[in-house]
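J.: sequence plus predicted model, see below.
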Amino acid sequence: MIEAEAYRALSSKSRLEILKLLYRKQMSVEEIAKDLTLQPITIRHHIQSLVEAGFIETVEERAGSVGRPKIFYRMVKQPTLVSYPKRQYLMLTNFMINTLRFMHGENQTQKVIRKAGLEMGKSTAKKLESDNEIREWSLKAFERFFINDYLEKMGAEPEITETNDKKIVYRLHNCLFFEMALKMPEIICDTLHESFHEGLMTAMGQEMKINQLTCMGKGDHYCEHSCEVNK
């Protein structure tokens, strides 16, 4: 029954916009209403549907020792997974990685995952170049085509927090491998994610480097990165 509620919740454009806001930070009904230019009573209706579907939860915060607490809403750590027809790719991926560990050991498993990450990064850069006719990468191109286009389409919920001629700092409010990252951060975060960025930068052929500043798989609220020009 919870999945039926989830499908109904996701059928509304307004509810999807609410989810995008709450991926970034917890908010009150009034704050959401202001951002979306909707009436609070309308937002409360949408919020109720999202709570019942298992996407968001309430948080109470009290300013002092007296008075009623203020109600905020935030994304649950593990929201409802919706797919039709059913697929179990997460189960398969977990099984394959654990099998690699059992048969070949931790070091060899990390080597295999690292190679996969490098190839993923290189192929992603080449695909972006081909699709967008990119002849030379720059921070501006990286911001436009990788962060604002690719990461947005992938569902990573990117947010740029700082940008200048030498550096871009951006946050990802949705980890695409979150469930696996929690179970095996040394494989997903430290190996796959890091090697993906290395492959990406290698294929782009520019003096740029991506550094990870925070990590959802290790308990942070978002994954934050900086992409810097080395020259």
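T.: Now that the structure is in, tell me what you want to look at.
J.: quick one, what contacts the residue nearest the centre of the chain?
T.: Closest residue to the average C-alpha location of the chain: Asn174 at 2.2 Å, with C-alpha atoms, centre = their mean. Contact analysis of Asn174 by C-beta atoms under 8 Å, 6 or more residues apart in numbering lists Tyr23, Gly155, Ala156, Glu157. C-beta here means a position set from N, CA and C on the backbone, and glycine is covered the same way.
J.: shouldn't it be within a helix?
T.: No. Going by DSSP: H, G, I helix; E, B strand; the rest coil, the assignment for Asn174 is coil, not a helix.
J.: quick one, domains of this structure?
T.: Taking automatic domain parsing as the criterion, the chain consists of the domains 2-75, 117-229.
J.: surely Met184 touches Ile97?
T.: Yes. Using C-beta atoms under 8 Å, Met184 makes contact with Ile97 at a distance of 6.9 Å.
J.: for the spatially most distant residue from the centre of the chain, helix, strand, or coil?
T.: Relative to the centre of the chain, and counting by C-alpha atoms, centre = their mean, the farthest-placed residue is Val66 at 37.6 Å. Under three-state DSSP, Val66 falls in the coil class.
J.: where's it relative to Ala4, distance?
T.: Going from Val66 to Ala4 by C-beta to C-beta, to the nearest Å gives 42 Å.
J.: can you check Glu17 too?
T.: Relative to Ala4, and taking C-beta to C-beta, Glu17 is found at 22 Å.
J.: for the one helix or strand in the chain whose mean pLDDT sits lowest, C-alpha coordinates in PDB please.
T.: In the chain, no helix or strand scores lower on mean pLDDT, DSSP states H and E than helix 2-10, which sits at a mean of 74. Extracted C-alpha coordinates of helix 2-10, given in PDB (Å, rounded to 0.1, in the frame of the first residue of the first chain):
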ATOM      1  CA  ILE A   2       2.900   2.400   0.700                       C
ATOM      2  CA  GLU A   3       4.000   2.100  -2.900                       C
ATOM      3  CA  ALA A   4       0.600   3.100  -4.200                       C
ATOM      4  CA  GLU A   5       0.800   6.200  -2.000                       C
ATOM      5  CA  ALA A   6       4.300   6.900  -3.400                       C
ATOM      6  CA  TYR A   7       3.000   6.800  -7.000                       C
ATOM      7  CA  ARG A   8       0.200   9.200  -6.100                       C
ATOM      8  CA  ALA A   9       2.600  11.500  -4.300                       C
ATOM      9  CA  LEU A  10       5.000  11.700  -7.300                       C
END
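J.: hmm, who's touching whichever helix or strand comes after that helix?
T.: The first helix or strand that comes after helix 2-10 along the chain, using DSSP states H and E, is helix 13-24. Helix 13-24 has contacts (C-beta under 8 Å, 6+ apart) with 9-10, 27, 32, 35-36, 38, 42-43, 46-47, 49-50, 55-56, 73-75, 157, 159, 171, 173-174, 222.
J.: next one: stretch 88-102
T.: Contacts of stretch 88-102 (C-beta under 8 Å, 6+ apart): Gln108, Thr109, Val112, Ile113, Glu179, Met180, Lys183, Met184, Ile187.
J.: can you tell me which two in those are farthest apart?
T.: Taking C-beta to C-beta as the measure, the contacts of stretch 88-102 span a maximum distance of 23.8 Å, between Gln108 and Glu179.
J.: more crowded one of these two?
T.: The neighbour comparison of Gln108 against Glu179 (other C-beta atoms under 10 Å) goes to Glu179, with 15 against 12.
J.: excluding its backbone neighbours, what's nearest the more buried one?
T.: Leu90 (6.3 Å; C-beta to C-beta, 6 or more residues apart in numbering).
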